[in-house]
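Novice: I would like the atomic coordinates for the input below:
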Amino acid sequence: MDILKQDVEDRLDHFTNVCKAKGIKLTHQRLEIFRKVAETTDHPDAEQIFQRVRKSVPTVSLDTVYRTLWLLRDLGLVATLGVPHERTRFDANLTKHHHFVCTRCGFTRDFYSDDLNKLNLPESVDQFGIVTTTQVEVRGICRECSGKAYTS
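Specialist: Here you go, the predicted structure:
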């Protein structure tokens with residue numbers, strides 16, 4: 001699925017407005033990093049974004065890309081997929097289950113649901129490939145964090 005040029009421009013305008021409203025400096029590197037995320041539908045990871053940005057900004061560092069991506073996430077300009085950024089998590093539970101993930105501290109726990117196990121996916125998913133398994137990740141604030149003031 002291709003992204004429309006107007007959608008990219010709208011995202012860039014939103015990026016600019018949010019940065020100005022939050023007092024975040026609009027650097028060329030930040031703009032290019034956001035642009036590389038905004039103009040794609042493949043959900044690239046930080047290393048892929050780094051490789052793409054280096055084509056137009058050869059002096060950019062991988063550290064700058066990571067820091068900018070987390071800033072963009074904290075500003076609500078991008079979403080993350082998968083595990084929290086502090087560490088990769090491993091799971092030896094190979095039975096059918098799903099995950100609750102705290103978006104503040106990374107607390108992750110398994111939960112089970114027959115209803116989610118029977119989730120009917122739309123036919124449009126078939127255009128991407130053959131689905132072999134479905135696992136739901138529920139994101140929220142854990143009980144411990146919900147009792148703390150949010151400061152970031």
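Novice: Can you get me a residue count around R143?
Specialist: By other CB atoms under 10 Å, the residues close to R143 number 8. Glycine gets a C-beta too; all of them are placed from N, C-alpha and C.
Novice: For it, give its distance to L116.
Specialist: For R143, the distance to L116 (CB to CB, to the nearest Å) stands at 21 Å.
Novice: Outline the domain layout of this structure.
Specialist: The chain breaks down into these domains under automatic domain parsing: 5-74, 98-143.
Novice: Buried deepest among those domains, which one?
Specialist: Burial of these is given as mean neighbour count (mean count of other CB atoms under 10 Å); domain 5-74 ranks first at a mean of 15.
Novice: same question for it, mean pLDDT?
Specialist: The pLDDT scores in domain 5-74 average 93.
Novice: quick one: the strands in the protein?
Specialist: Secondary structure of the chain (DSSP state E): strands located at 98-102, 108-111, 137-140.
Novice: Now do the last one: which elements does it pack against?
Specialist: Using 3 or more CB pairs under 8 Å, 6 or more residues apart in numbering; DSSP states H and E as the contact criterion, the secondary-structure elements in contact with strand 137-140 are strand 98-102.
Novice: next one: the longest one
Specialist: Counting by 3+ CB pairs under 8 Å, 6+ apart, the packing neighbours recorded for strand 98-102 are strand 108-111, strand 137-140.
Novice: Excluding its own residues, what touches that strand? List them.
Specialist: Under the criterion CB atoms under 8 Å, 6 or more residues apart in numbering, residues 83-84, 107-113, 116, 135-142, 145 lie in contact with strand 98-102.
Novice: Name every strand pairing with it and say which way it goes.
Specialist: Take DSSP bridges as the rule and strand 98-102 pairs in its sheet with strand 108-111 (antiparallel), strand 137-140 (parallel).
Novice: between those, which one is nearest to L26?
Specialist: Smallest distance to L26 across these (CB to CB): 28.8 Å, for strand 137-140.
Novice: Not counting that closest one itself, show me its contacts.
Specialist: Contacts of strand 137-140 (CB under 8 Å, 6+ apart): G82, H98, H99, F100, V101, C102, T103, F111.
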